[in-house]
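Trainee: One predicted model, sequence on top.
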Amino acid sequence: MSRSRRKGRASATRRPPTRRPARRPVRRRQRADDRLIGLLVGAAAVIALVVAVVNWLLAHWWILAVVGVGAVLAVGGWLYQRQQRARWEAARAQGLRYALPQLDALHHTRFEDAVRDLMRRDGCQDAVRVGGRGDLGADVKATDPYGRLWVIQCKHRRNGSAGSAVGTPDLQVLNGTARQVHGADIAVIVTNGRVTAPAVDFAKRQRLHVVDRRTLGVWASGSRPLWELLRAVPPPRRPDDLS
């Protein structure tokens with residue numbers, strides 16, 4: 001038998017490779033259909049539930065009325081309490097008084113809080129204590145009713161007038177940051193202790209204000225705002241400056 005016939009028979013006996021049916025696309029389509037059906041069923045259930053709740057509320061409309069009245073009363077009570085609290089805070093601030101021994105006994109952070117509260121008593125509603133690390137010479141900042149920004153540095157002395165005096169270096173820190181960094185209209189240093197004469201002279205030359213122990217005692221124990229106790233305070237801002 002020739003080679004050509006053998007090759008022909010061998011090729012004739014070979015079977016073509018069987019191809020597996022592509023099942024993956026069918027499975028993907030089936031999964032997508034199942035998801036779509038699930039979404040439709042879920043949406044139908046939600047709609048049916050909403051319709052049932054609406055129908056039940058329409059049938060029991062008095063429940064909505066009771067809930068509405070309760071909500072109105074709750075909001076009204078909250079607003080009333082807030083108004084009463086604001087009135088009480090305003091009355092407390094107007095009657096705020098400190099004696100020098102009280103201020104001497106405070107921690108230095110509480111002393112800053114006291115200065116902040118006194119500024120609020122004077123009508124500076126936005127007075128805030130910012131003292132701490134990185135305060136850049138500003139312990140209290142406040143805007144008075146005339147639109148002027150106050151930057152206050154506090155120097156508390158535990159021993160009062162017997163403690164170390166506030167010197168020129170303290171004023172230099174305030175002078176270097178109050179206007180340039182904080183944009184102050186009025187820069188003040190407040191202490192319950194003493195201030196050296198050179199520091200007072202430096203403050204006058206640099207248009208800084210010093211609240212020493214005597215001035216602090218008048219301010220804290222009375223009801224006059226601080227700007228009425230200081231000299232050469234800048235005039236109120238013009239209306240166009242406030243806008």
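Mentor: Received it, and whenever you're ready, just let me know what you need. The structure presented is a predicted model; accordingly, all values stated were derived computationally and were not measured.

Trainee: How is the chain divided into domains?
Mentor: Residue ranges for the structural domains of the chain, counted by automatic domain parsing, are given in the record as 25-92, 100-242.

Trainee: and the last one, average pLDDT?
Mentor: Within the predicted structure, the mean pLDDT of domain 100-242 is 92.

Trainee: quick one: that domain to chain centroid distance?
Mentor: From the chain centre to the centre of domain 100-242 is a distance of 24 Å (C-alpha atoms, centre = their mean, to the nearest Å).

Trainee: Mean neighbour count added to the domains of the chain, as JSON lines?
Mentor: (C-beta placed from N, C-alpha, C; glycine too.) What follows is these, written out as JSON lines (neighbours: other C-beta atoms under 10 Å):
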{"stretch": "domain 25-92", "mean neighbour count": "10"}
{"stretch": "domain 100-242", "mean neighbour count": "17"}
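
Trainee: How far away from the center of its chain is the longest helix seen in the chain?
Mentor: Longest helix in the chain, counting residues (DSSP state H): helix 24-59. Using C-alpha atoms, centre = their mean, the mean C-alpha position of helix 24-59 is found 44 Å from that of the whole chain.

Trainee: What's the mean pLDDT across that helix?
Mentor: Taken as a whole, helix 24-59 has a mean pLDDT of 84.

Trainee: Next: stretch 74-83.
Mentor: For stretch 74-83, the per-residue pLDDT values average out at 80.

Trainee: Can you check the distance spanned by stretch 179-186, start to finish?
Mentor: Stretch 179-186 has its terminal residues 8 Å apart, counting by C-alpha to C-alpha, to the nearest Å.

Trainee: Give me the residues contacting it.
Mentor: Contacts made with stretch 179-186 from outside it, assessed by C-beta atoms under 8 Å, 6 or more residues apart in numbering, are listed as 136-138, 141, 148-151, 178, 187, 209, 227, 233-234, 237.

Trainee: Strands of this structure, start to end?
Mentor: Counting by DSSP state E, the chain has strands at residues 128-129, 140-143, 149-155, 186-191, 209-211.

Trainee: Nearest to Arg120, out of the ones you listed?
Mentor: Shortest separation from Arg120 across the strands of the chain is recorded for strand 140-143, at 7.6 Å, computed as C-beta to C-beta.

Trainee: Packing partners of the closest one?
Mentor: helix 108-121, strand 128-129, strand 149-155 (3 or more C-beta pairs under 8 Å, 6 or more residues apart in numbering; DSSP states H and E).

Trainee: Let me have the strands of the chain in JSON lines, extended by distance to Ala74.
Mentor: Putting these into JSON lines (distance: least, C-beta to C-beta, whole Å) gives the following:
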{"stretch": "strand 128-129", "distance to Ala74": "31"}
{"stretch": "strand 140-143", "distance to Ala74": "35"}
{"stretch": "strand 149-155", "distance to Ala74": "40"}
{"stretch": "strand 186-191", "distance to Ala74": "44"}
{"stretch": "strand 209-211", "distance to Ala74": "46"}
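
Trainee: among the ones you listed, which is nearest Ala52?
Mentor: The closest of those to Ala52 is strand 128-129. By C-beta to C-beta, the value is 53.4 Å.

Trainee: Give me the most central residue, the protein.
Mentor: Centroid check for the chain by C-alpha atoms, centre = their mean gives Val128 as the closest residue, at 11.5 Å.

Trainee: how near is it to Leu73?
Mentor: In this structure, Val128 lies at 35 Å from Leu73, with C-beta to C-beta, to the nearest Å as the measure.

Trainee: swap in Trp56?
Mentor: Trp56 sits 24 Å away from Leu73, going by C-beta to C-beta.

Trainee: So what sits opposite the residue lying closest to Val115 once chain neighbours are set aside in the bridge?
Mentor: What sits nearest to Val115 in space, not counting adjacent residues and going by C-beta to C-beta, 6 or more residues apart in numbering, is Val140, at 5.1 Å. According to DSSP bridges, Arg129, Ile152 are recorded as the beta-bridge partners of Val140.
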